[in-house]
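Engineer: sequence first, predicted coordinates after that:
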Amino acid sequence: MTFKDFDLNESLQMGLQDIGFTEPTPIQEKSIPLILSGQDVLGAAQTGTGKTGAFVIPILNQILSEPKEGTKALILSPTRELAQQIDEQIFALGYHTGLSSSTIIGGEDFSKQAEAIRAGVDLIVATPGRLIDQMKVLDVDFSHIKYLILDEADRMLDMGFLPDVNHIIDKLPKERQTLLFSATMPKEIQNLAQKIQKNPELIKIAMSKPSNSVAQRAYQVDGREKLKLTQFLLDELEWTSCIIFTATKRGTDQLERLLSKKGINVASIHGDRSQDERTKALNSFKNGKVPIIVATDVLARGIDIADVSLIINYDVPQAVDDYIHRIGRTGRYDKSGMAITLVSKKDSKLFRPIKDKAGKDLEIIDGDALLKSGSSGSGDNQPKKSSEKLKRKQKPEEKTDSKTDAPKEESKAKKADSQEVKAPDFSNVKSLDVSKNEEGNYVFTLKNKPSTETTSQEKPAKAKTAKKESKSAPKKQAAKQAKAPSKKQEKQPRGSKESRAPKKKIEIKKIDKAAERNKKAHKPAKGIWGLIKSFLPKF
């Protein structure tokens, strides 16, 4: 079966040709005819089965057949990334139709979103929280809404959006077509479907089952060795792009920093990042500029990323469904992939139901023994090393000497040691003084002849200034000698006899003067006679 078998608008068929859609996926094949007939649909299919196209294609076709007035379709999504992806597919498929759409999500210009709502675009793709914020400020006109779509409904319930979803639905017209798509079908989703839908047609495609094209491995490893094992696997395995899932936002940031310190080109994404940061990181990963992205479960649902060949669960998922959604990021579109889960002793309780669900498809490997042995730990299907995919920042190698292969600094030192010592030039020596220091070693002092030659490089201007300076030189030199000690005195060691002699003379002069002052002074007598003398002046 092909898309040409559906009775679709010609402009929509052109859009399908532009993006290369020829044959519908199973969920699309079953959903499109029902939606075109006006039936409410409850679609249950795992990630990567083409759910977005299953509702976008028929809704665009229905809007084209109706008069253009106000917003006709409202699509609610749990995450900003998924909302942007849905809007991108609407734009691509509806390029030739002339239909308009807008995303109402957090992290983007609030006023521009308000203008799009007032203008009455044909389709609105929104996250519940931001749409509620707009409804508080604007009197949003939902009177023309004919189609309500809840994508990844189970994820919206997990994120606590059910009250917001119910509040939005209460503002919509009762007469409408409601489509609900979910990867899982818990009781909460079934209850929601009964409340907001009218006799929905249930469609189930590959419920809660990993794709057969994904090779699953679990490495049992000490929790402290997870980073080391991750780096080892990235070096050993052959891959094109990799998503590493963590349990928390803080863990995402920490792992990104640790991998960056190892020289690995990596980006990260989680709910606390600004929208610009999230969009930039995701686009860099999609375009292949960054081969690895570390993320929370914000990337586990709905995001369509081509050619993801490796998934690493750095932290074990909280539930089996989360595990299936994570590994569903690879092995898409009939391509093979690999999903790896790192399991420590603390993770054993969470990992047990995943192990039971995967069964024989999951290969268990001793990660600690693997690090010691240095092999990737699989049998005949052991991948080849692909360290180029990491795009590491290589440090420049040290330059070595060509003969010895030693570092450049060492070779320079050896050359300096091997050079011959030249004899001193005594041609300009006038006399040679020999003396002994305190340690008994001889000290030789050379006194050079006064040089009368002038260098050829001196300029005439310098010669003129030299004559002027020579006249005032004796006065300046005398003043300097009076103010500061000579260089020879400065260089004399403290303990030398010459340095101590002047100090002794100064001290003797001071003592003599003090003695003379004492002789002239009238000292008080000691004892009883001294007391009597001290009282005599008073009488």
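Structural biologist: Great, that's in hand. Numbering: from 1, shown residues only.

Engineer: could you list the low-pLDDT ranges of the stretch 301-450 of the chain?
Structural biologist: Counting by pLDDT under 70, the stretch 301-450 of the chain contains low-confidence ranges at 302, 332-334, 375-450.

Engineer: ok, 90 please
Structural biologist: 301-308, 318-337, 357-361, 372-450 (pLDDT under 90).

Engineer: what helices and strands are in contact with the helix or strand containing residue 168?
Structural biologist: Using DSSP states H and E, residue 168 falls within helix 162-170. Applying 3 or more Cβ pairs under 8 Å, 6 or more residues apart in numbering; DSSP states H and E, we find helix 162-170 packed against strand 73-76, helix 128-137, helix 187-196. Placement of C-beta: from N, CA and C, glycine included.

Engineer: now with 10 Å?
Structural biologist: strand 73-76, helix 128-137, strand 147-150, helix 153-158, helix 187-196 (3 or more Cβ pairs under 10 Å, 6 or more residues apart in numbering; DSSP states H and E).

Engineer: what helix or strand is residue 282 located in?
Structural biologist: Using DSSP H and E, residue 282 falls in helix 275-286.

Engineer: number of nearby residues for residue 284?
Structural biologist: 15 (other Cβ atoms under 10 Å).

Engineer: correct me, but it touches residue 267?
Structural biologist: Yes: shown here, residue 284 and residue 267 form a contact pair, counting by Cβ atoms under 10 Å, at 5.6 Å.

Engineer: name the residues contacting each of the two.
Structural biologist: 290, 291, 293 (Cβ atoms under 10 Å, 6 or more residues apart in numbering).

Engineer: out of those, which end up buried?
Structural biologist: Neighbour counting with 16 or more other Cβ atoms under 10 Å marks 290, 291, 293 as buried within those.

Engineer: ok but the last one is inside a strand, no?
Structural biologist: Yes: under DSSP: H, G, I helix; E, B strand; the rest coil, residue 293 sits within a strand.

Engineer: how about it, what does it touch?
Structural biologist: Contacts of residue 293 (Cβ under 10 Å, 6+ apart): 241-245, 252, 256, 266-269, 281-282, 284-286, 299, 305, 308.

Engineer: count of neighbours near residue 160?
Structural biologist: 10.

Engineer: now do the contacts for it.
Structural biologist: Contacts of residue 160 (Cβ under 10 Å, 6+ apart): 128, 129.

Engineer: on that earlier part again, quick one: which of the shared contacts of residue 284 and residue 267 is nearest residue 191?
Structural biologist: The nearest member of the shared contacts of residue 284 and residue 267 to residue 191, counting by Cβ to Cβ, is residue 293 at 35.4 Å.

Engineer: just checking, residue 66 touches residue 60?
Structural biologist: No: Residue 66 is beyond contact range of residue 60, at 11.3 Å (criterion: Cβ under 10 Å).

Engineer: which one's more surrounded, the two?
Structural biologist: Taking other Cβ under 10 Å, residue 66 and residue 60 do not tie; residue 60 has more neighbours (24 against 11).

Engineer: mean confidence (pLDDT) on the helix or strand where that one lies, please.
Structural biologist: Using DSSP H and E, residue 60 maps to helix 51-64. Averaged across helix 51-64, pLDDT comes to 95.

Engineer: stretch 246-261 too?
Structural biologist: The model assigns stretch 246-261 a mean pLDDT of 91.

Engineer: for it, list every residue counted as buried.
Structural biologist: So for stretch 246-261, counting by 16+ other Cβ under 10 Å, buried means 246, 247, 249, 251, 252, 253, 255, 256, 259.

Engineer: got CSV for these, with distance to residue 112 and secondary structure too?
Structural biologist: Converted to CSV, the buried residues of stretch 246-261 look like this (distance: Cβ to Cβ, whole Å; DSSP: H, G, I helix; E, B strand; the rest coil):
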residue, distance to residue 112, secondary structure
246, 33, coil
247, 35, coil
249, 28, helix
251, 34, helix
252, 29, helix
253, 30, helix
255, 35, helix
256, 31, helix
259, 36, helix
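
Engineer: I'd like these as TSV, with distance to residue 230 appended.
Structural biologist: Shown next, in TSV, are these (distance: Cβ to Cβ, whole Å):
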residue	distance to residue 230
246	11
247	15
249	19
251	13
252	14
253	16
255	8
256	12
259	8
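
Engineer: what is the nearest of those to residue 15?
Structural biologist: Nearest member of the buried residues of stretch 246-261 to residue 15, counting by Cβ to Cβ, is residue 252, at 36.2 Å.

Engineer: what residues are up against that closest one?
Structural biologist: Here residue 252 is in contact with 244-246, 268-273, 293-296, 298, 314-315 (Cβ under 10 Å, 6+ apart).

Engineer: residue 242 too?
Structural biologist: 230, 233-234, 266, 285, 291-294, 308-312, 329-330, 338, 340, 389-390.

Engineer: give me the buried entries from those residues.
Structural biologist: Buried subset of those (neighbour count, 16+ other Cβ under 10 Å): 230, 233-234, 266, 285, 291-294, 308-312, 329-330, 338, 340, 389-390.

Engineer: taking the residues you listed one by one, which sit in strands?
Structural biologist: 266, 292, 293, 294, 310, 311, 312, 338, 340 (DSSP state E).

Engineer: re earlier: can you pull the residues that touch both of residue 66 and residue 60?
Structural biologist: In contact with both residue 66 and residue 60: residue 122, using Cβ under 10 Å, 6+ apart.

Engineer: okay, now the domains of this structure?
Structural biologist: 3-205, 214-390 (automatic domain parsing).

Engineer: residues touching the spatially closest residue to residue 25 that is not a sequence neighbour, list them.
Structural biologist: Distances taken as Cβ to Cβ, 6 or more residues apart in numbering put residue 50 closest to residue 25, at 3.7 Å, once the chain neighbours are dropped. Contacts for residue 50 were tallied using Cβ under 10 Å, 6+ apart; they are 21, 24-29, 31, 57, 205, 304, 332-333.

Engineer: got those as JSON lines, with secondary structure columns?
Structural biologist: Written out in JSON lines, the entries for these read as follows (three-state DSSP):
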{"residue": "21", "secondary structure": "coil"}
{"residue": "24", "secondary structure": "coil"}
{"residue": "25", "secondary structure": "coil"}
{"residue": "26", "secondary structure": "helix"}
{"residue": "27", "secondary structure": "helix"}
{"residue": "28", "secondary structure": "helix"}
{"residue": "29", "secondary structure": "helix"}
{"residue": "31", "secondary structure": "helix"}
{"residue": "57", "secondary structure": "helix"}
{"residue": "205", "secondary structure": "strand"}
{"residue": "304", "secondary structure": "coil"}
{"residue": "332", "secondary structure": "coil"}
{"residue": "333", "secondary structure": "coil"}
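
Engineer: go ahead and confirm residue 13 touches residue 5.
Structural biologist: No: using Cβ under 10 Å, residue 13 makes no contact with residue 5, being 11.2 Å away.

Engineer: compare the two (neighbour count), which wins?
Structural biologist: Between residue 13 and residue 5, counted using other Cβ under 10 Å, the more crowded position is residue 13 (17 against 12).

Engineer: what helix or strand is that one located in?
Structural biologist: helix 10-18.

Engineer: quick one on the thing from earlier: okay, the angle between the helix holding residue 168 and helix 187-196?
Structural biologist: 20 degrees (axes from the mean of the first three to the mean of the last three Cα atoms, to 10 degrees).

Engineer: for helix 162-170, what is the average pLDDT?
Structural biologist: 94.

Engineer: for the next helix or strand after that helix, packing partners?
Structural biologist: Using DSSP H and E, the helix or strand that directly follows helix 162-170 along the chain is strand 177-182. Packing partners of strand 177-182 (3+ Cβ pairs under 10 Å, 6+ apart): helix 26-36, strand 41-45, helix 51-64, strand 73-76, strand 147-150, helix 153-158, helix 187-196.
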